[in-house]
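J.: I'll drop the sequence and a predicted model, then ask my questions.
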Amino acid sequence: MYEPRTYRHWVKDKDLVSFNVVVKETDLYIRAASDLKRKAHKLVLKYREMLESYIERHPAFLTSLEPLAVGSDAPRIVTEMAEAANKVGVGPMAAVAGAIAECVGKELLESSPEVIVENGGDIYLKSSTDRLIGIYAGKSPLTGKVGLEVKGKDTPIGICTSSGTVGHSLSFGKADAVIVFSKSTALADAAATAIGNIIKDADDIPRGIELAISIKGLNGIIIIKDDRIGLWGKVKIRPISELETEKTLTNQGAL
């Protein structure tokens, strides 16, 4: 079921061109140095076709809630999703939004020195300047009040969000937002799901942090539940105003 990305209206364009690419369930919001919509659309079609063809041959890849081994016929995006899911103990489709964002973003870098690809709250970011990214955490009082500072020198990076209270993506937890940072956007996506699954209330935030620390390849995490927040790793937040917001995160993504 489609849900409008109302949080995208928070975006204040400054130095990059913004455009959307929508193909079936895939709904990308992209910012680049120029309008690369036609190229991005072709890339989405390419990677969706890879996934859909593999799923047609291996239907369990779509429905499994546990890691799956993939066959020798698996394309790179499928392999990356499977490897990410295996590291954190979830089904491979938990990594799909991040994987598509990264695959599209990497190829767009051939035509733009800076690229931000957001897929339902999962972001692949390559920037030459520092960026402030606003956090959307549903009804939490922290929504829109704090932002992430992302240094250009630390990119490219994946920044992915899972929520048990916002959007329709599957989560067994009740976190308002679990935001994970990793050089692998697929891993960030899968890890956000795995960690989000164990956050039932604010007292579970330390357990979520412990799990994040145990996952090799994560750069940092933010967990928000109600008015409480937990952080670990290379993460910097600060108060923001709406006018400062570059990008907001939520969890409404799909294939």
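T.: The structure has been received and is ready for your questions. Numbers count the residues shown, from 1 in each chain.
J.: what comes up buried for the helix or strand hosting Lys42?
T.: For Lys42, the host element (DSSP states H and E) is helix 37-57. For helix 37-57, burial by neighbour count (16 or more other CB atoms under 10 Å) applies to Lys37, Lys39, Ala40, His41, Leu43, Val44, Tyr47, Arg48, Met50, Leu51, Tyr54, Ile55. Every residue, glycine included, has its C-beta placed from N, CA and C.
J.: which of the residues you listed sits closest to Thr129?
T.: Thr129 lies nearest to Ala40 out of the buried residues of helix 37-57, by CB to CB, at 21.4 Å.
J.: mind giving me JSON lines with the buried residues of helix 37-57 and columns for pLDDT?
T.: Listed next are these as JSON lines, based on pLDDT from 0 to 100:
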{"residue": "Lys37", "pLDDT": "98"}
{"residue": "Lys39", "pLDDT": "98"}
{"residue": "Ala40", "pLDDT": "98"}
{"residue": "His41", "pLDDT": "98"}
{"residue": "Leu43", "pLDDT": "98"}
{"residue": "Val44", "pLDDT": "98"}
{"residue": "Tyr47", "pLDDT": "98"}
{"residue": "Arg48", "pLDDT": "98"}
{"residue": "Met50", "pLDDT": "97"}
{"residue": "Leu51", "pLDDT": "97"}
{"residue": "Tyr54", "pLDDT": "97"}
{"residue": "Ile55", "pLDDT": "97"}
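J.: out of those residues, who's nearest Pro113?
T.: The nearest member of the buried residues of helix 37-57 to Pro113, counting by CB to CB, is Lys39 at 14.9 Å.
J.: contacting residues for that closest one?
T.: Lys39 makes contact with Glu107, Leu108, Ser111, according to CB atoms under 8 Å, 6 or more residues apart in numbering.
J.: how many residues are close by Lys200?
T.: 14 (other CB atoms under 10 Å).
J.: what helix or strand is it located in?
T.: Per DSSP H and E, Lys200 falls between elements, in no helix or strand.
J.: what's the neighbour count on the nearest residue to it once chain neighbours are set aside?
T.: Once flanking residues are discounted, Lys200 sits nearest to Lys174: 5.2 Å by CB to CB, 6 or more residues apart in numbering. Residues lying near Lys174 (other CB under 10 Å) number 17.
J.: again, but for Ala175
T.: When neighbours are counted by other CB under 10 Å, Ala175 registers 33.
J.: same thing with Leu65?
T.: A count of nearby residues for Leu65, using other CB under 10 Å, gives 14.
J.: report the contact partners of the spatially most central residue of the chain.
T.: Geometric centre of the chain, nearest residue: Asp122, 1.8 Å, by CA atoms, centre = their mean. Asp122 makes contacts with Ala97, Gly98, Ala101, Gly158, Ile159, Cys160, Thr161, Thr185, Ala188, Asp189, Ala192, Gly253, as judged by CB under 8 Å, 6+ apart.
J.: right, and the first one touches Glu118 too?
T.: Which is Ala97. No: taking CB atoms under 8 Å as the definition, Ala97 is not a contact partner of Glu118, at 9.4 Å.
J.: of the buried residues of helix 37-57, closest to Ser72?
T.: Tyr54 (11.6 Å).
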